[in-house]
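Visitor: Got a sequence here, can you model it:
(one chain, ligands or ions: 2)
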Amino acid sequence: MTSFAARMPKVELHLHIEGTLEPELMFELAARNGVTLPYASVEALRAAYDFGNLQDFLDLYYQGAAVLLKEQDFFDLAWAYFSRVHQDNVEHAELFFDPQTHTERGVAMGTVIEGLAAACTKAHEELGISSALILCFLRHLDGAAAVKTLTDAMPFREHFIGVGLDSAEVGNPPEGFRDAFELAGAEGLHRVAHAGEEGPPAYIWGALDALHVERVDHGVRCLEDEALVARLSRERIPLTVCPLSNVKLRVFDTLADHNLTALLEAGLCATVNSDDPAYFGGYMNDNFVQCQQALGLSDAQLRLLADNAIAASFASEARKAELRASLASVR
Ligand code: ADE
Ligand code: ZN
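Guide: Ligands and ions are numbered 1, 2, ... in the order given. Predicted coordinates for the structure are as follows:
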């Protein structure tokens, strides 16, 4: 019988859809679109997935995204993700996408969003997975580019529920994106941001105070700042933690060194997520099962993590009730 960690119904809140592009699909799309990849084979590409830090990974991640050109490509990418995580008992997922990675290459905003949205619809109809899209701004580009990106995406407003902030963290603090997040708030969009992955606790304060985020993506460095932990706990600001990602990008040396248990013990609403599973060696079950083994998580802690993710999601109260019932039904 499979472990409780594997069987448990799950909610994923920190997932970059471009980071689910498996080498096999990358080669298939490259051939379909006449794009030349600088790798001879799937194996050679996988062998390059050895990262010293976030920037090493981002360089490969943006290079890989170059095979995504048509609406069908974005659909195929997201459908592959949903089909894969259905096996991991994911029942609700909130997907990040990076429009600037594509619009900068001449791909139309509608091509990206409509392809992804069609896969979300099919995932609901055929797999029973509820989902939503969150548009992320690239923080290595500037705040004005973020405002333009959101403005350009407004014709497709019905297809996304929030905005986020990702890419190279250190040297690109949240305060530069105040205007874009203010505009998002005025449009009734949810707000989240990567902070405290490689960057210091000050970037988490900045995400809260300047961007008014409802969740912090990663946030693992919050434990360096007692006052920050008190605030995150008091305001019930969830953290979308990505354990395998943190090891691959050398935020922690090994999974056994990860502070996930300490985050829970500090009373924080921590959740477990896969970030960029095609690059980091695992989807949701790999993250949960490997954390359970490396950190000795109890079934009660696993259940708490799953329940935190339901609470932290932007699903409707009715959908949250369904997700809670589903979690309660599995022993
Ligand atoms: N884009 C994709 N994955 C990311 C991560 N882990 N941190 C920042 N930006 C990202
Ligand atoms: Zn991320």
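
Visitor: Tell me the buried residues in the strand or helix carrying Lys122?
Guide: For Lys122, the host element (DSSP states H and E) is helix 109-127. Buried residues in helix 109-127, counted by 16 or more other Cβ atoms under 10 Å: 109, 111-113, 115-120, 122-123, 127. In this view, the C-beta of every residue, glycine as well, is placed from N, C-alpha and C.

Visitor: Now compare those residues and name the two farthest from each other.
Guide: Met109 and Leu127 (26.5 Å; Cβ to Cβ).

Visitor: three-state assignment of Ala132?
Guide: At Ala132 the chain is in strand, as set by DSSP: H, G, I helix; E, B strand; the rest coil.

Visitor: give me the beta-bridge partners of it?
Guide: Glu94 (DSSP bridges).

Visitor: Which pLDDT value belongs to His124?
Guide: If you check His124, the pLDDT there is 98.

Visitor: Do you know the pLDDT at the closest residue to ligand 1 within the chain?
Guide: Proximity of the chain to ligand 1 (Cβ to the nearest ligand atom) peaks at Asp166, 3.6 Å away. Listed pLDDT for Asp166 reads 98.

Visitor: out of everything not next to it in sequence, what's closest to Val112?
Guide: Closest residue to Val112 apart from its sequence neighbours, by Cβ to Cβ, 6 or more residues apart in numbering: His102 at 5.0 Å.

Visitor: just Ser3 next, same as before
Guide: Nearest one to Ser3, counting by Cβ to Cβ, 6+ apart, is Val289 at 6.1 Å.

Visitor: so that neighbour touches Ala6, yeah?
Guide: Yes. Between Val289 and Ala6 a contact is recorded at 5.7 Å, counting by Cβ atoms under 8 Å.

Visitor: Gln301 sits in which helix or strand?
Guide: Using DSSP H and E, Gln301 falls in helix 299-312.

Visitor: what's the helix or strand following that helix packed up against?
Guide: The helix or strand immediately downstream of helix 299-312 is helix 317-329, counting by DSSP H and E. Helix 317-329 sits against strand 90-97, helix 299-312, with contacts defined as 3 or more Cβ pairs under 8 Å, 6 or more residues apart in numbering; DSSP states H and E.

Visitor: ranking those by burial, who's on top?
Guide: Among the helices and strands packed on helix 317-329, strand 90-97 has the highest mean neighbour count (mean count of other Cβ atoms under 10 Å), at a mean of 25.

Visitor: List of residues touching it?
Guide: 9-18, 78, 81-82, 85, 112-113, 116, 120, 128-136, 161-162, 164, 166, 284, 310, 313-315, 319, 323, 326 (Cβ atoms under 8 Å, 6 or more residues apart in numbering).

Visitor: Buried subset of the residues you listed as a PyMOL selection?
Guide: Listed next is the PyMOL selection for buried residues among these, using 16+ other Cβ under 10 Å:
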select buried, resi 9+10+11+12+13+14+15+16+17+18+78+81+82+85+112+113+116+120+129+130+131+132+133+134+135+136+161+162+164+166+284+310+313+314+315+319+323+326
